[in-house]
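Q: what's the 3D shape of this:
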Amino acid sequence: MNLLRRKIEQEIRDAGAIPFSRYMELCLYHPELGYYSRNAEQFGKAGDFYTSSDVHAVFGRLLARQFDEMWRVLGSPERVDLVELGPGRGLFAQDVLGWSRKKFPQFFCALRYVLVESSAALRERIRETLRPHLDSGKAELIPLYPLEGQLSRDAPAIVFANEFFDALPVEILSPKGSLRIDARDGHFIETWARSSPEEMEFIDRYSVHPEMDERIEVSLVAQQFLDRIAAEMRRGFIIAIDYGYTRHEQLAGRHRGTVKALRQHSISDNPYEAPGDQDITADVNFTALAAAAEGHGMQTQKLVTQSQFLMGIGEGNQFADAFEECRLPQERAKIALQLKHLVTPAGMGESFQVLIASKGIEEEKVSALCGLNFGRSR
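A: Below is the predicted model of the structure:
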């Protein structure tokens with residue numbers, strides 16, 4: 001029998017039905033048995049899903065170019081902290097560090113790369129991937145909690161989160177109330193409890209009230225997480241890339257009931273089938289994230305798609321970052337296909353949104369960033 005299922009059932013027997021957010025937290029982040037805690041291959045072709053950094057190094061190379069521009073917008077300080085939330089195996093960090101050292105040496109000299117990862121198993125993978133950078137002190141690896149105190153008071157920061165917020169636990173509301181998970185005869189069953197004041201306030205401000213037979217996610221944890229980051233940041237940027245929506249889109253009837261399970265590149269709407277053996281995600285509420293940032297004096301830019309963002313970064317030099325090392329036509333063709341997957345609607349390009357928030361930086365300099373200006377003459 002699934003060991004994590006037994007542990008969750010024991011917790012329910014001891015304390016009663018648990019909120020869906022607690023169930024999701026245990027499934028993903030239980031220290032030994034959670035999905036992200038296992039010594040398993042969750043990413044890439046052999047795993048359950050792809051992230052953009054699994055497709056090709058060009059994703060990290062393009063972001064390195066954007067990070068370098070942000071560093072220059074910050075005034076080219078002697079030190080800048082690049083903080084990556086949920087870095088997985090460290091492939092993106094490896095690409096950013098390697099390309100920055102080659103192409104943006106001044107930025108690389110100032111850079112301190114901080115990887116924030118909750119999973120001990122993934123931290124071990126990161127140590128293998130980034131050992132030279134960790135040994136030299138160029139990179140630092142820390143657990144997710146406590147996050148407070150990790151942003152330097154002396155240096156500006158760029159906080160980067162790619163497919164991070166979609167994996168944070170959510171509450172689920174319906175006209176029946178707030179979802180609870182109970183156990184009976186070896187099965188998880190759904191029950192409902194009165195929604196909390198915090199949940200109802202979130203719905204009123206950032207989401208919509210669920211209609212009959214409808215479910216709406218309430219991402220309190222994600223909003224609280226960004227709230228803490230924005231409060232601690234003195235000067236710098238936050239970049240969040242994820243699939244998600246705005247309140248306006250929900251009012252138009254989209255993105256309602258988005259919890260899904262991912263296993264071996266297949267999507268299921270049953271999060272109870274294989275606790276700890278499948279990923280569980282929910283679309284990100286960008287309206288709530290932006291409000292959390294703005295509540296601490298940050299300015300947020302209009303959302304752009306990943307396609308617009310990457311095309312804006314790459315169009316200035318015609319994606320030389322992708323093709324520079326190609327020697328044969330076959331190599332160019334292969335990389336062109338990988339780049340296409342990152343930027344086209346059929347791939348990841350239109351599924352992902354990019355939120356950029358800034359603090360202590362002139363608005364006109366932020367809005368002029370190349371990633372925000374695809375197709376505009378500069």
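
Q: I'd like to know which helix or strand in the chain has the lowest mean pLDDT.
A: Ranking every helix and strand in the chain by mean pLDDT, DSSP states H and E puts helix 52-55 at the bottom, with a mean of 57.

Q: Check which element follows it along the chain.
A: Once the chain leaves helix 52-55, the next helix or strand it forms, by DSSP states H and E, is helix 58-73.

Q: Mind giving me the packing neighbours of that following helix?
A: Under the contact criterion of 3 or more CB pairs under 8 Å, 6 or more residues apart in numbering; DSSP states H and E, helix 58-73 touches helix 52-55, helix 91-103, helix 105-110, strand 157-162, helix 306-314, helix 320-323, helix 329-343. C-beta here means a position set from N, CA and C on the backbone, and glycine is covered the same way.

Q: Q318: how many residues sit nearby?
A: Per other CB atoms under 10 Å, the neighbour tally for Q318 reads 9.

Q: Then V96?
A: The tally of other residues near V96 (other CB under 10 Å) stands at 29.

Q: That one is in contact with L82, isn't it?
A: Yes. Assessed by CB atoms under 8 Å, V96 is found in contact with L82 at 7.4 Å.

Q: joint contacts of those two?
A: Both V96 and L82 are in contact with 67, 113, where contact means CB atoms under 8 Å, 6 or more residues apart in numbering.

Q: which residues sit in contact with K103?
A: For K103, the contact set (CB under 8 Å, 6+ apart) comprises 61, 64-65, 68, 321.

Q: same deal with E217?
A: E217 neighbours (CB under 8 Å, 6+ apart): 170-173, 257-259, 282-283, 285.

Q: change it to 6 Å
A: 170, 172, 282 (CB atoms under 6 Å, 6 or more residues apart in numbering).

Q: In strands only, show me the residues you listed.
A: Using DSSP state E, the members of the contacts of E217 that fall within strands are I172.

Q: Any chance of the contacts of E217 in JSON lines with pLDDT as columns?
A: JSON lines is the format used below for the contacts of E217 (pLDDT from 0 to 100):
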{"residue": "V170", "pLDDT": "98"}
{"residue": "I172", "pLDDT": "98"}
{"residue": "A282", "pLDDT": "97"}
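
Q: can you redo the contacts of E217 as JSON lines with distance to I239 and neighbour count?
A: Output for those, formatted as JSON lines (distance: CB to CB, whole Å; neighbours: other CB atoms under 10 Å):
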{"residue": "V170", "distance to I239": "22", "neighbour count": "27"}
{"residue": "I172", "distance to I239": "28", "neighbour count": "26"}
{"residue": "A282", "distance to I239": "20", "neighbour count": "27"}
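
Q: JSON lines for the contacts of E217, including distance to K7?
A: Formatted as JSON lines, these follow (distance: CB to CB, whole Å):
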{"residue": "V170", "distance to K7": "21"}
{"residue": "I172", "distance to K7": "21"}
{"residue": "A282", "distance to K7": "23"}
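
Q: A240: how many residues sit nearby?
A: 27.

Q: what do you get for A121?
A: Neighbours around A121, by other CB under 10 Å: 16.

Q: so it is in which element?
A: helix 120-129.

Q: Give me the buried positions along the following helix or strand past that helix.
A: Using DSSP H and E, the helix or strand that follows helix 120-129 towards the C-terminus is helix 131-136. If you call a residue buried by 16 or more other CB atoms under 10 Å, then helix 131-136 has these buried ones: 133-134.

Q: Can you give the distance of helix 131-136 from its chain's centre?
A: 24 Å (CA atoms, centre = their mean, to the nearest Å).

Q: just checking, what packs against it?
A: Using 3 or more CB pairs under 6 Å, 6 or more residues apart in numbering; DSSP states H and E as the contact test, no helix or strand touches helix 131-136.

Q: Which helix or strand lies directly C-terminal to it?
A: Immediately after helix 131-136, counting by DSSP H and E, sits strand 139-142.

Q: What is that following strand packed up against?
A: Against strand 139-142 (3+ CB pairs under 6 Å, 6+ apart) you get strand 111-116.

Q: same thing but 8 Å
A: Taking 3+ CB pairs under 8 Å, 6+ apart as the contact cut, strand 139-142 packs with strand 111-116, helix 120-129, helix 131-136.

Q: among those, which is nearest M24?
A: For M24, the closest of these is helix 120-129, at 18.0 Å, according to CB to CB.

Q: which other residues reach stretch 219-235?
A: Taking CB under 8 Å, 6+ apart as the rule, stretch 219-235 contacts 21, 74, 147-151, 153, 156-157, 159, 165, 168-171, 198-199, 202, 206, 238, 240, 282, 284-285, 288-289, 291-293, 295-298, 357, 359-361.

Q: looking at the helices and strands packed on helix 58-73, which is closest to E128?
A: helix 91-103 (10.6 Å).

Q: For the residue nearest the centre of the chain, give its distance to R125.
A: Nearest residue to the geometric centre of the chain (CA atoms, centre = their mean): F164, 2.3 Å. Distance, F164 to R125, by CB to CB, to the nearest Å: 17 Å.

Q: got it, and M24?
A: In terms of CB to CB, M24 sits 23 Å off from R125.

Q: between the two, which one's more packed in?
A: Comparing M24 with R125 by neighbour count (other CB under 10 Å), the higher total belongs to M24, at 26 against 19.

Q: list the contacts for that one?
A: 169-170, 271, 280.

Q: and if we set it to 10 Å?
A: 18, 35, 167-172, 181, 221, 259, 271, 275, 280-282 (CB atoms under 10 Å, 6 or more residues apart in numbering).

Q: For the residue nearest to the centre of the chain, which non-adjacent residue is closest in space?
A: Computed as CB to CB, 6 or more residues apart in numbering, the closest residue to F164 that is not its neighbour in sequence is G86, at 4.0 Å.

Q: Fine by me, we can end here.
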